[in-house]
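Novice: would you be able to build a 3D model of this:
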Amino acid sequence: MIKNNRWLLLAGVLTTGVVVSLAILLTGLPSVTTGKPEVKTPWGEPDLQGIWTRDVDIPLERPARYANQEFFSDAERRDLDRQISGIIKRDSTDERRARGTERDVNSEFTQEPFTMHLPVGRRTSLIVDPPDGKIPRLTPEAQKARAAFRQFQLALLQPTETCKEHQPGCAGGKYGPVSPKRNETPPGYIGATTNAGINRADGPEDRTTTERCLGGTIPDFGNFVGGFSRIVQTPGVVSIVYDMGPGLGRPRIIPITTAPHLPATMHQWWGDSRGHWEGDTLVVDVTNFSPKTEFQGSHEHLHLVERWTRLDPETIDYVVTIDDPTTWVRSWTARQELKKQSDAANRIYYEPRCHEGNYGLIALLSGARASERAFAEGRGPDPATMCVVIGGCGGFVRGGFADSGPDADPFQNPPR
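Specialist: Got it, this is the predicted structure:
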């Protein structure tokens with residue numbers, strides 16, 4: 001009898017071991033109901049944790065030359081990669097440098113040491129709805145606000161070489177004397193995406209939020225190559241740290257809760273997020289943005305619904321629906337795949353370092369004051385005639401591409 005009990009005990013242990021082993025082996029295998037890998041946290045929620053970034057380059061909006069085309073062919077992708085590589089590797093020439101002009105000091109040299117471009121992705125746009133891959137039309141009120149800001153920008157640019165040489169940064173404007181608007185307050189807050197800044201540096205508020213270490217937006221499509229998101233989870237909370245470039249980052253806390261949003265009178269720079277799980281998908285509703293928030297011209301009425309789904313151990317599918325009835329005539333949706341990066345190979349700084357070392361902004365403002373003193377003493381040109389708009393003075397300061405010509409962005413230009 002004792003022997004039989006021992007054999008029964010041994011059989012029970014072996015059976016338990018087999019069950020546990022099977023459970024371990026099945027972790028990460030496709031679920032029967034969804035067909036997707038089940039990667040779970042120890043407390044049973046879908047696991048989104050890790051360092052995530054894009055690994056291909058896809059424009060937010062579909063370029064006009066691909067108007068009715070949702071995907072690039074393999075040949076088109078190879079040709080675009082070849083053109084981009086040729087532009088950023090091209091050596092400096094006298095024609096490219098435009099000697100004797102402001103463009104001569106506007107990064108018009110070989111871009112390769114300063115620029116990195118990812119391979120072109122399959123999609124012709126991140127926007128999947130509307131089907132044309134374009135941001136919907138602005139409302140009449142938003143069109144009026146954007147036009148007013150643009151006219152202010154052009155008024156400050158008109159005495160510069162940018163307008164004298166008819167550079168794209170002056171499109172819609174004309175060359176002329178210093179405008180009295182130079183002493184006026186801008187018609188809107190200077191943000192990060194739609195507003196390219198104004199040609200003035202009287203104080204920090206004249207500069208873009210990116211220059212002021214307040215850059216980045218929600219939604220974040222990783223516009224900076226090398227930027228990433230690190231996701232960390234605890235029971236009831238998902239935290240995301242966005243890294244958007246050297247020293248420029250921010251944390252975001254998403255509570256998993258059924259609690260209502262903050263009162264409508266309370267606004268936050270990155271909005272108020274409320275998350276819940278729908279199967280394997282984290283759904284996040286974001287409202288209560290600040291009037292100083294700026295995403296493609298939208299401000300405090302911006303409303304987002306984000307969906308984060310882990311497709312496999314290496315991929316997250318990010319889908320966001322964007323709505324603001326005061327800015328666009330309809331909502332729109334963008335989709336992006338994020339790829340997991342090695343935790344061991346990436347050193348993470350968890351606190352943004354931009355503010356503590358933002359010597360660029362200090363130097364820019366100091367340089368503007370020095371130019372004013374030199375002009376007052378008859379030793380230099382009127383500062384109002386000098387272009388100080390980052391990326392708006394002509395040259396190679398926007399992603400390594402020129403404003404026009406053979407070195408312009410191949411996504412926009414006809415094939416060569």
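
Novice: so His117 is in contact with Asp57, correct?
Specialist: Yes - between His117 and Asp57 there is a contact under CB atoms under 8 Å: 6.2 Å. Every residue, glycine included, has its C-beta placed from N, CA and C.

Novice: leaving out the residues flanking it, which one is nearest to Ser371?
Specialist: Leaving aside its sequence neighbours, Ser371 sits nearest to Pro383 (CB to CB, 6 or more residues apart in numbering; 4.3 Å).

Novice: I figured the one you found hits Phe375, correct?
Specialist: Yes - counting by CB under 8 Å, Pro383 does reach Phe375; the two are 6.0 Å apart.

Novice: just give me the neighbour total for Asp74.
Specialist: 9 (other CB atoms under 10 Å).

Novice: need the pLDDT of it.
Specialist: Residue-level confidence at Asp74 comes out at 96, pLDDT.

Novice: what about the residue lying closest to His117 once chain neighbours are set aside, distance to Gly121?
Specialist: Nearest residue to His117, sequence neighbours excluded (CB to CB, 6+ apart): Ile84, at 5.2 Å. Computed as CB to CB, to the nearest Å, the Ile84 to Gly121 distance reads 13 Å.

Novice: low-confidence ranges, the chain, go.
Specialist: 1-38, 91-116, 193-195, 223-227, 245-247, 348-352, 356, 395-400, 413-416 (pLDDT under 70).

Novice: tell me where it has helices.
Specialist: All helices of the chain, identified by DSSP state H, fall at 2-26, 74-89, 94-97, 140-157, 161-164, 359-376.

Novice: mind listing what's buried in stretch 46-56?
Specialist: By neighbour count on 16 or more other CB atoms under 10 Å, the buried set for stretch 46-56 is 46-54.

Novice: what do you get for stretch 280-292?
Specialist: Buried residues in stretch 280-292 (16+ other CB under 10 Å): 280-290.

Novice: wait, doesn't Lys292 sit right on Ile190?
Specialist: No - taking CB under 8 Å as the definition, Lys292 is not a contact partner of Ile190, at 9.4 Å.

Novice: circling back to that earlier point, so what's the residue count around the residue nearest to Ser371?
Specialist: So Pro383, with other CB under 10 Å, has 22 neighbours.

Novice: was I right to think Tyr175 contacts Leu157?
Specialist: No - contact criterion CB under 8 Å: Tyr175 and Leu157 do not qualify, at 9.2 Å.

Novice: now for these two: what residues contact both?
Specialist: Cys163 (CB atoms under 8 Å, 6 or more residues apart in numbering).

Novice: the two - which one has more neighbours?
Specialist: More neighbours surround Leu157 than the other of Tyr175 and Leu157, with 26 against 15 (other CB under 10 Å).

Novice: might you report the residue contacts of that one?
Specialist: So Leu157 contacts 163, 169-170, 173, 199, 387, 389, 392 (CB under 8 Å, 6+ apart).
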